[in-house]
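> Fold the following, please.
(chains A and B)
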Amino acid sequence: MDDDRVFKALADPTRRHLLDRLFERDGRTLGELESELEMTRFGVMKHLRLLEDAGLVVTRRQGRQKLHYLNPVPIRLVHDRWIDKYTEHRISALAELKTQLEETA
Amino acid sequence: MTTITAQATEVYQVFIKATPDAIWDGITRPEFTSKYFHGATVETTPEERRSYRGSELRSVVDVLEYDPPRRLVHRWISYYDPELAAEEPSRVSWEIEPQDSGYSLLTVTHDQLEGAPKTAANVSGTGWMMVLSGLKTLLETGEPLED
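The predicted structure is shown next:
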């Protein structure tokens, strides 16, 4: 049900950068995440909110801090639904082509 | 340092079109776990979580909280690899929250990983991701994920 949100969330370089940062090290604060971006705090918050809505980022409170965690499960689900299916087809199409070319050769 | 504490925690979430009861069964009953938990058959009682390979009992860890169908907390030891198994035990919490239109939100928090950095790296790769996507597929379609 969330495929649209996942694709939209991934269709932006800043958001992909934020995911990469969390992939390197999980559980970061907004302050840490914005420190390397030339963007206002509000801008980074907006991107994080979109990632959260897509389920790609999960937040946890720890004392006064809000920590951001990468949740890769939706990417896996999109992969299973949209990528596996087509790459499998392409591979079998290539295998078929190979058979046909070799038969006529 | 807060960053050290933070790295000792991993959080995973997935929406599943199933009732909390169905998800609870999917997590705790061996006939379900054998279809998605990296080939392990896992049985959970209010006291213990037992992992089998086939009929061979491989690991028993304590269950810390058992509140069906909402919350399950247990110890974690990566028994399948001697190097990981030698690390300090960590903790896994499963939380199930009902949502709108027949969905439930499943959150898995793997924490207390301070004394288990190799385990942390191991489960964060495709470990929990495959478990959760496999559980979702199983509960929504009745079929295990294809390899």
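> hey, let's count contacts and neighbours off CA atoms from now on
Will do.
> the bottom helix or strand of chain B by mean pLDDT?
Within chain B, no helix or strand scores below helix B:2-7, which has a mean of 46 by mean pLDDT, DSSP states H and E.
> Just give me how far the following helix or strand past that helix sits from the chain centre.
Going down the chain from helix B:2-7, the next helix or strand is strand B:10-16, by DSSP states H and E. Relative to its parent chain, strand B:10-16 has a centroid offset of 11 Å by C-alpha atoms, centre = their mean, to the nearest Å.
> List the buried residues in whatever helix or strand comes next after strand B:10-16.
Once the chain leaves strand B:10-16, the next helix or strand it forms, by DSSP H and E, is helix B:20-28. Within helix B:20-28, the residues scored as buried using 16 or more other C-alpha atoms under 10 Å in any protein chain shown are B:20, B:23-28.
> Now distance to chain A and pLDDT too, for those residues, in CSV please.
Compiled in CSV, the buried residues of helix B:20-28 are given as follows (distance: C-alpha to the nearest C-alpha, whole Å; pLDDT from 0 to 100):
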residue, distance to chain A, pLDDT
B:20, 18, 97
B:23, 16, 96
B:24, 19, 97
B:25, 21, 96
B:26, 17, 95
B:27, 17, 96
B:28, 20, 96
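> out of these, who's nearest residue B:114?
Closest approach between the buried residues of helix B:20-28 and residue B:114, by C-alpha to C-alpha: residue B:27, at 25.2 Å.
> What about the closest residue in space to the closest one that isn't next to it in sequence, how many residues nearby?
The shortest distance from residue B:27 to any non-neighbouring residue, by C-alpha to C-alpha, 6 or more residues apart in numbering or on different chains, is to residue B:33 (6.4 Å). By other C-alpha atoms under 10 Å in any protein chain shown, 23 other residues sit near residue B:33.
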